[in-house]
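Visitor: Predicted model follows, preceded by the sequence.
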Amino acid sequence: SKYYIQYAKEQFLLRWSQLSRLSEYGRKTTIQLIQPYHELDQFLVFIEHNLPLLKTLENRYLTNNKKDTITRDLFHERIHNDLLSQWQIPDVIRSSIPIWDDIITNRTLFLDILDELVGGPRMTFTSRLKALEFDPILIDYKVQLSLDMAYCALRQRNFKLSLSKLNDTRNRLDLCENPLIKSIYWNEIYCDVHLKRHQIQSTLSSLLSTLVAKELKKMEIKINSLKIIDKQTASLNSTYIQLNSQFSRIVIDFLLAQPNAYFDYENDNKISQAKHRQLEIYLYGLDNQTTNIQTADLLINELFNKNVNILKNNIEKQETDLQNLSTNIRIAKENILSRDYNELASLCDDYLRRYENNEDENNLMHNLFSDNNSNKIAEIIVKSILSSMKYGSNEGVKRFSRLLQIIELYPNTMESIANRLQEIPCWMFFDCLYQITAYLDKPIGLKLYPLIEQIIKFYPQSIVYPFKLSYETLQYSTNDPILKHYLV
């Protein structure tokens, strides 16, 4: 094996030396070829250095010696630090499926060899101690590898392979060290596969018949019991939010275009009864067998409000749970929260725009925006845009001009911006200065002047040109004495 590894390394170095330094893609593709040999080398070194420990561990399992915790702790430390944590997953986009398959097959083989070395196949009885301590590590890592490959296949739009890998792991999720996290990850990949496939198979029936709605409801129950303690759990929670939003948008858009689509689905005799009532299950739970909603406007209203509540509740959960974590996690938190706030703003704004522009031909969104509901939704948009900017989002900056427009159309939202503007660094508004100066003669100008003063204090040159363009117009159009005072 060592001769084989050395030969492979020499061939790699020869090929590497012939590559152009300017060929970034070629270099990244070539360096992936050495990874399986490097991991084989790591595994052989691990076995050489830890063979006595593995024999001691085998003896411990054979004698069922629970008191020897030193051997157990030492093995766990070494397998994680010297082996599993050293193995990096290939690039999800750049690495081809064959490269993924080679690496995962090799790692699975290495773990099976470890199992043999601690007596797995040679034991004439089932060691409860081994089943409790050793087997979950192997199963957990193998399942994680398969799920990562399923995610890679999803990103590369190889949906058949992704579903195949999910099917292989489904019955082993409960045997993992952390079954809740693995189960949520499995659900998210499954739902994402079918939501992306739906972009090709564009009918409501084809989407609902995959039981995505039911899987999202199952995921909701799991997410509610998930504690956000690190980047992984925060990412799972955020992905759950995004998938719900994507599902709701798809269904709402279908109902707006084809109001009878769900009624036709429910009354289609070709679809088995087990696949009926998917939206009721999604909205009201797996145990609800009585509620039936087939009216398009009510479904749109319920789906929209449920999705907004999911976004708001889970964002609040993330902000609360990730308060006192390390710097790296805080950076991840800011990226995740800005993405989720942007999703909330985007969802509300997309349908509010349609309503404002009279794009609802069948008046199906009337209930959604009637009475004071439009003001409440406008306020959610304003708060979400400012919160995303607070966490450093460029997309939030791009939406700021829309925020100013919303405040002009819905004056009740004006009070929600004053304190939030102070939480955002003033330099983040550089790209919005032309829009801001154009609104200085409006009632919102009083809320914007403290921001302008802050920019003048720290970055005076940035405001000169935008202000010059607007100054003459502002002088003649402004009648409010307070606004005139600020202008002078």
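Guide: Okay, I see it.
Visitor: what are the ranges of the strands in this protein?
Guide: For the chain, applying DSSP state E gives no strands.
Visitor: and Arg353, what is it in contact with?
Guide: Neighbouring residues of Arg353 by CB atoms under 8 Å, 6 or more residues apart in numbering: Glu359. In this view, the C-beta of every residue, glycine as well, is placed from N, C-alpha and C.
Visitor: So it versus Leu344, what's the distance?
Guide: 15 Å (CB to CB, to the nearest Å).
Visitor: Gly285 too?
Guide: From Gly285 to Leu344 the distance is 23 Å (CB to CB).
Visitor: out of these two, which sits in the busier spot?
Guide: Leu344 (25 against 13; other CB atoms under 10 Å).
Visitor: Could I get the phi/psi values of the closest residue to Arg128 other than its chain neighbours?
Guide: Leaving aside its chain neighbours, Arg128 sits nearest to Asn64 (7.0 Å; criterion: CB to CB, 6 or more residues apart in numbering). Reported as degrees, to the nearest 10, the phi and psi values for Asn64 are phi 60, psi 40.
Visitor: per-residue confidence for Asn64?
Guide: Looking at Asn64, its pLDDT reads 80.
Visitor: That one reaches Glu133, doesn't it?
Guide: No. Applying CB atoms under 8 Å, one finds Asn64 not in contact with Glu133, separated by 11.2 Å.
Visitor: Show me the shaky parts of the stretch 201-350 of the chain.
Guide: 201, 324-333 (pLDDT under 70).
Visitor: Look up the pLDDT of the spatially closest residue to Ile436 that is not a sequence neighbour for me, please.
Guide: Nearest non-adjacent residue to Ile436, counting by CB to CB, 6+ apart: Leu448, 5.7 Å away. Leu448 is assigned 85 on the pLDDT scale.
Visitor: residues near Leu448, how many?
Guide: Neighbour number of Leu448 under other CB under 10 Å is 21.
Visitor: I'd say it and Tyr439 touch.
Guide: Yes. If you go by CB under 8 Å, Leu448 and Tyr439 touch, sitting 6.5 Å apart.
Visitor: give the contact list for Val212.
Guide: Tyr190, Cys191, His194, Leu195, Phe247.
Visitor: how does it look with 10 Å?
Guide: 187, 190-195, 197-198, 243, 246-247, 250-251, 278, 282 (CB atoms under 10 Å, 6 or more residues apart in numbering).
Visitor: go on, Leu243?
Guide: Residues near Leu243 by CB under 10 Å, 6+ apart: Asn187, Glu188, Tyr190, Cys191, Asp192, Leu195, Val212, Glu215, Leu216, Met219.
Visitor: what sits against the second one?
Guide: Looking back up the chat, that one is Glu188. Going by CB under 10 Å, 6+ apart, the list of residues near Glu188 reads 147, 151, 154, 215-216, 219, 223, 235-236, 239-240, 242-243.
Visitor: Poorly predicted segments of the stretch 351-488 of the chain, please.
Guide: 470-488.
Visitor: quick one: the helices in it?
Guide: Remark: helices assigned in the stretch 351-488 of the chain by DSSP state H, counting those that start in this stretch are 366-369, 373-390, 394-398, 400-409, 418-422, 433-438, 445-458, 460-477, 481-487.
Visitor: do the same with the stretch 151-300 of the chain
Guide: Under DSSP H, counting those that start in this stretch, the stretch 151-300 of the chain gives helices at 159-169, 179-197, 204-208, 212-224, 231-257, 261-266, 278-284, 296-321.
Visitor: circling back to that earlier point, among the helices of the stretch 351-488 of the chain, which comes closest to Ile97?
Guide: helix 394-398 (31.8 Å; CB to CB).
Visitor: tell me what that closest one is packed against?
Guide: helix 327-356, helix 373-390 (3 or more CB pairs under 10 Å, 6 or more residues apart in numbering; DSSP states H and E).
Visitor: Can you give the domain ranges for the protein?
Guide: As recorded under automatic domain parsing, the domains making up the chain are 1-177, 179-331, 371-488.
Visitor: CA atoms only for stretch 155-163, dumped as CSV, please.
Guide: Below are the C-alpha coordinates for stretch 155-163, written out as CSV (Å, rounded to 0.1, in the frame of the first residue of the first chain):
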residue,chain,number,x,y,z
ARG,A,155,-26.5,20.5,-5.8
GLN,A,156,-25.3,19.0,-9.1
ARG,A,157,-29.0,18.2,-10.0
ASN,A,158,-28.5,14.4,-10.0
PHE,A,159,-31.8,13.9,-8.3
LYS,A,160,-32.0,10.1,-8.9
LEU,A,161,-28.7,9.5,-7.1
SER,A,162,-29.7,11.8,-4.3
LEU,A,163,-32.9,9.9,-3.6
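Visitor: Any buried residues in that stretch, and which?
Guide: Of all the residues in stretch 155-163, those buried under the rule 16 or more other CB atoms under 10 Å are Gln156, Asn158, Phe159, Leu161, Ser162, Leu163.
Visitor: Please identify which two of those residues are farthest apart in space.
Guide: Gln156 and Leu163, at 13.6 Å, using CB to CB across those.
Visitor: And the closest residue to Gln454 other than its chain neighbours, how close does it get to Gln405?
Guide: Once flanking residues are discounted, Gln454 sits nearest to Cys426: 4.5 Å by CB to CB, 6+ apart. Separation of Cys426 from Gln405 (CB to CB): 21 Å.
Visitor: neighbour count winner among those two?
Guide: Cys426 (19 against 13).
Visitor: rewinding a little: of the contacts of Leu243, which is the most crowded?
Guide: For the contacts of Leu243, the largest number of neighbours (other CB under 10 Å) sits with Val212, at 26 neighbours.
Visitor: Count the neighbours of Ile455 for me.
Guide: Neighbour number of Ile455 under other CB under 10 Å is 19.
Visitor: so it touches Ile436, yeah?
Guide: Yes. The pair Ile455 and Ile436 passes the contact test of CB atoms under 10 Å, sitting 8.9 Å apart.
Visitor: Show me the common contact partners of these two, please.
Guide: Counting by CB under 10 Å, 6+ apart, the residues touching both Ile455 and Ile436 are Phe429, Ile463, Pro466, Phe467.
Visitor: Of those residues, just say which sits nearest to Asn305.
Guide: Phe429 (32.2 Å).
Visitor: returning to that earlier point: against Leu57, how distant is the residue nearest to Arg128?
Guide: 13 Å.
Visitor: who's more crowded, the two?
Guide: Neighbour count, other CB under 10 Å: between Asn64 and Leu57, Leu57 has more, with 23 against 11.
Visitor: mind listing what that one touches?
Guide: Leu57 neighbours (CB under 10 Å, 6+ apart): 50, 68, 71-72, 74-75, 114, 117-119, 130, 133-134.
Visitor: which of those residues tops the neighbour count?
Guide: Phe134 (24 neighbours).
Visitor: pLDDT score assigned to that one?
Guide: Looking at Phe134, the pLDDT reads 83.
Visitor: ok, now Gly120?
Guide: The model's pLDDT for Gly120 equals 57.
Visitor: Would you mind checking which of the contacts of Val212 is nearest to Ile380?
Guide: Gln246 (18.6 Å).
Visitor: I'd assumed Glu343 was in contact with the closest one.
Guide: Yes. Counting by CB under 10 Å, Glu343 is a contact partner of Gln246 at 9.2 Å.
Visitor: Which neighbours do the two have in common?
Guide: Asn307.
Visitor: If you count surrounding residues, which of the two has more?
Guide: Higher neighbour count among Gln246 and Glu343: Glu343, with 22 against 19, using other CB under 10 Å.
Visitor: Cheers, nothing more for now.
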